[in-house]
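# here is a sequence with its predicted model. Questions after.
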Amino acid sequence: MDYTAKLDAAIGRLHDEGRYRTFIDIERVNGQFPHAVWTRPDGARDDITVWCGNDYLGMGQNPVVLDAMHEALDATGAGSGGTRNISGTTVYHKRLEAELADLHGKEAALLFTSAYIANDATLSTLPKLFPGLIIYSDSLNHASMIEGVRRNGGAKRIFRHNDVAHLRQLLEADESDAPKVIAFESIYSMDGDISPIAEICDLADEFGALTYLDEVHAVGMYGPRGAGVAERERLMHRIDIINGTLAKAYGVMGGYIAASEKMCDAIRSYAPGFIFTTSLPPTVAAGAAASVAFLKRAPELRSLHQTNATILKTRFKAMGLPIIDHGTHIVPVIVGDPKHTKLLSDMLLENYGIYVQPINFPTVPRGTERLRFTPSPVHGPKEIDKLIKAMDALWSHCALNRAELAG
Ligand SMILES: Cc1ncc(COP(=O)(O)O)c(C=O)c1O
C-alpha cells in the first residue's frame with residue numbers, strides 16, 4: 001500500500017477544489033493589538049493590522065488577564081498535571097467555574113479544554129443520561145455540535161436554519177413523551193445573524209424539550225454583564241445548557257457549559273471528553289477567570305465594540321460593497337467566488353498590511369465566499385480609514401461589481 005500517494009491524492013483534491021488551507025505566519029505583539037508582525041514567505045517581516053481575529057475585545061493582551069496569568073504561573077507552574085478527576089483540579093479551575101456559573105445565573109459550570117470539546121462531549125453524552133433522546137439541531141450549527149450530535153447514537157432531526165415553523169413540524173411528528181433537546185446557537189459566526197431564542201424556548205416549553213444554546217460568538221460581548229444574547233434578551237433562565245468559549249472575547253483558551261448542578265454533575269461523570277483528558281493549565285484558568293470578571297463590569301468596552309462595527313458597516317455600505325448586516329459585530333463582505341476572495345485577501349496583506357483571511361466553501365455555501373471582518377474596540381479611525389481606502393482601490397482593481405447589499 002502506497003500511503004504517501006494516498007496522502008498526496010487527498011491533499012491534491014483540496015487543491016483542485018480551491019479548498020487547501022494555508023497558514024499566514026503572524027506574531028501578535030504584546031500591547032499592540034490589533035497590530036501584529038507578518039513574516040513573508042521570503043523571510044521579510046512587515047507590520048500588519050489583523051482584521052479577522054476572534055479575540056474580539058483584545059482581552060488576550062489585557063494587563064488584568066496577563067497579571068493573573070503571571071501570578072498563577074509563578075505560584076503553580078506550567079501544566080495542571082492531570083485530568084480533572086486525577087490531580088488536575090485546582091483552586092483556579094474551581095474559581096473559574098464559579099465565575100461562569102454566576103455569569104450565566106446557573107447553579108454550576110463545567111470547564112472543558114475548548115468550546116469545541118464542550119459541545120462535542122456534552123451533546124454526544126446526553127443520550128446516555130436520557131435514553132431515547134431526540135436531538136433537534138439547527139442546520140447551520142457549528143461543526144463541534146454536528147460532531148456531538150452525529151456521534152451520540154440517539155435520534156436526530158435537523159431543522160432549517162432559524163426556521164421555527166419547521167422545528168415545530170419536526171417536534172409534532174415525534175412521540176410526545178420522548179425526551180428531547182433543541183440545540184442551536186445565539187449568533188451564527190459566518191453571517192452574524194441571531195436565532196429566535198424566545199420562540200425556540202416557547203416551543204421547548206410546549207413540547208417538553210431541553211434547550212442547548214451555543215453562545216460562543218456572544219459571550220463577553222452581549223448582555224449587561226457579557227453573558228451573551230440570552231442575557232441581553234432576558235432569556236437565560238429559559239436555557240437549560242449554555243455553551244461558551246474562553247478563547248474568543250475572553251481572549252484566553254478553554255470552553256464550558258453552564259447549567260444546573262445535577263446536569264453538570266451528570267456530564268462530568270459520563271462524558272469521555274471531560275474525563276479522559278488533561279485539564280486546562282491553572283494559568284489559563286486564572287487568566288480566563290480574570291477576563292470573565294473584568295468583562296462583567298465593562299459595558300463601555302462592549303458599547304465601543306458595537307460602535308466600531310456600525311461605523312465599519314456604514315462605510316462599507318456607503319461604498320456600495322455587498323455586506324451582510326444583522327446588527328452584530330461580524331461584518332462579512334460577500335465576494336462570491338474563491339478566486340477573487342483569495343486575490344483580495346492576498347493583495348490586502350501584501351500591499352496594504354491588512355490581514356483578513358478568505359472564507360470559502362464548505363465553511364460558507366459556494367457563491368458566498370467572503371472576507372469576514374471582525375472590528376474590535378481598538379480598531380480606531382486610522383485603521384478603519386486605511387481599510388476603507390484599500391478596499392475601495394482593490395474592489396475596482398479586481399473589477400468586482402458593487403452589487404446589491406447581500407442582506
Ligand atoms: C459556534 C462555535 N461553537 C464552538 C466553537 C469552538 O470554540 P473553541 O475555539 O473554544 O473550541 C466555535 C469556534 O469557532 C464556534 O464558532
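Arrived safely.
# going by C-alpha atoms from here, please, whenever you check contacts or count neighbours.
Will do.
# so what's whichever residue of the stretch 201-350 of the chain sits closest to the ligand bridging to?
Using C-alpha to the nearest ligand atom, the point where the stretch 201-350 of the chain gets nearest to the ligand is residue 245, with a distance of 4.5 Å. Beta-bridge pairing of residue 245, defined through DSSP bridges, involves residue 255.
# could you check the pLDDT of it?
At residue 245, the predicted lDDT confidence score is 98.
# for it, give me its contacts.
Remark: with contacts taken as C-alpha atoms under 8 Å, 6 or more residues apart in numbering, residue 245 is in contact with 114-115, 215-216, 219, 253-256.
# using CSV, lay out those residues together with distance to the ligand, pLDDT and neighbour count.
Converted to CSV, the contacts of residue 245 look like this (distance: C-alpha to the nearest ligand atom, whole Å; pLDDT from 0 to 100; neighbours: other C-alpha atoms under 10 Å):
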residue, distance to the ligand, pLDDT, neighbour count
114, 4, 98, 18
115, 4, 98, 25
215, 7, 98, 24
216, 5, 98, 26
219, 11, 98, 29
253, 7, 98, 20
254, 5, 98, 25
255, 5, 98, 23
256, 9, 98, 28
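# among those residues, which two are most distant?
Maximum pairwise distance in these, criterion C-alpha to C-alpha, is 15.2 Å, between 215 and 253.
# how about the residues of the stretch 301-407 of the chain near the ligand?
Proximity of the stretch 301-407 of the chain to the ligand is assessed by C-alpha under 6 Å from any ligand atom, with no residue identified as in range.
# most proximal residue of the stretch 301-407 of the chain with respect to the ligand?
Closest point on the stretch 301-407 of the chain to the ligand, by C-alpha to the nearest ligand atom, is residue 363, at 10.5 Å.
# now the strands for this protein?
Counting by DSSP state E, the segments of the chain that form strands are 26-28, 35-39, 45-50, 108-112, 134-138, 155-159, 180-185, 210-214, 241-245, 255-259, 331-334, 354-355, 358-359, 370-373.
# may I see those organised as a markdown table, with distance to residue 56 added?
Written out in a markdown table, the entries for the strands of the chain read as follows (distance: least, C-alpha to C-alpha, whole Å):
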| stretch | distance to residue 56 |
| --- | --- |
| strand 26-28 | 14 |
| strand 35-39 | 13 |
| strand 45-50 | 11 |
| strand 108-112 | 21 |
| strand 134-138 | 25 |
| strand 155-159 | 29 |
| strand 180-185 | 18 |
| strand 210-214 | 17 |
| strand 241-245 | 12 |
| strand 255-259 | 16 |
| strand 331-334 | 12 |
| strand 354-355 | 15 |
| strand 358-359 | 18 |
| strand 370-373 | 11 |
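# residue 275 is nearest to which of those?
With C-alpha to C-alpha as the yardstick, what comes closest out of those is strand 108-112 (9.6 Å).
# direction included, what does the closest one pair up with?
When pairs are called by DSSP bridges, strand 108-112 turns out to pair with strand 255-259 (antiparallel).
# can you check what angle separates the partner strand from strand 210-214?
Calculated by axes from the mean of the first three to the mean of the last three C-alpha atoms, to 10 degrees, strand 255-259 forms an angle of 150 degrees with strand 210-214.
# got the angle for strand 255-259 vs strand 241-245?
When the same axes, to 10 degrees is applied, the directions of strand 255-259 and strand 241-245 differ by 160 degrees.
# contacts for strand 255-259?
Contacting residues not belonging to strand 255-259 are listed as 100-101, 104, 106-118, 240-247, 264 [C-alpha under 8 Å, 6+ apart].
# just stretch 109-120 next, same as before
Contacts of stretch 109-120 with the rest of the structure, by C-alpha under 8 Å, 6+ apart, involve 93, 97-98, 100-101, 144-149, 216, 243-247, 253-259, 261, 264, 268, 273-274, 279-280.
# distance from that stretch to the middle of the chain?
Centroid separation between stretch 109-120 and its chain, computed with C-alpha atoms, centre = their mean, to the nearest Å, is 12 Å.
# same deal with stretch 334-352?
With C-alpha atoms, centre = their mean, you get 23 Å for stretch 334-352.
# how about stretch 377-397?
On the basis of C-alpha atoms, centre = their mean, stretch 377-397 is displaced by 25 Å from the centre of the chain it belongs to.
# then stretch 124-143?
Here stretch 124-143 is found 19 Å from its chain centre; the criterion is C-alpha atoms, centre = their mean.
# that one near the ligand anywhere?
Yes. Figure legend: stretch 124-143 in contact with the ligand (C-alpha under 6 Å from any ligand atom); contacting residues residue 142.
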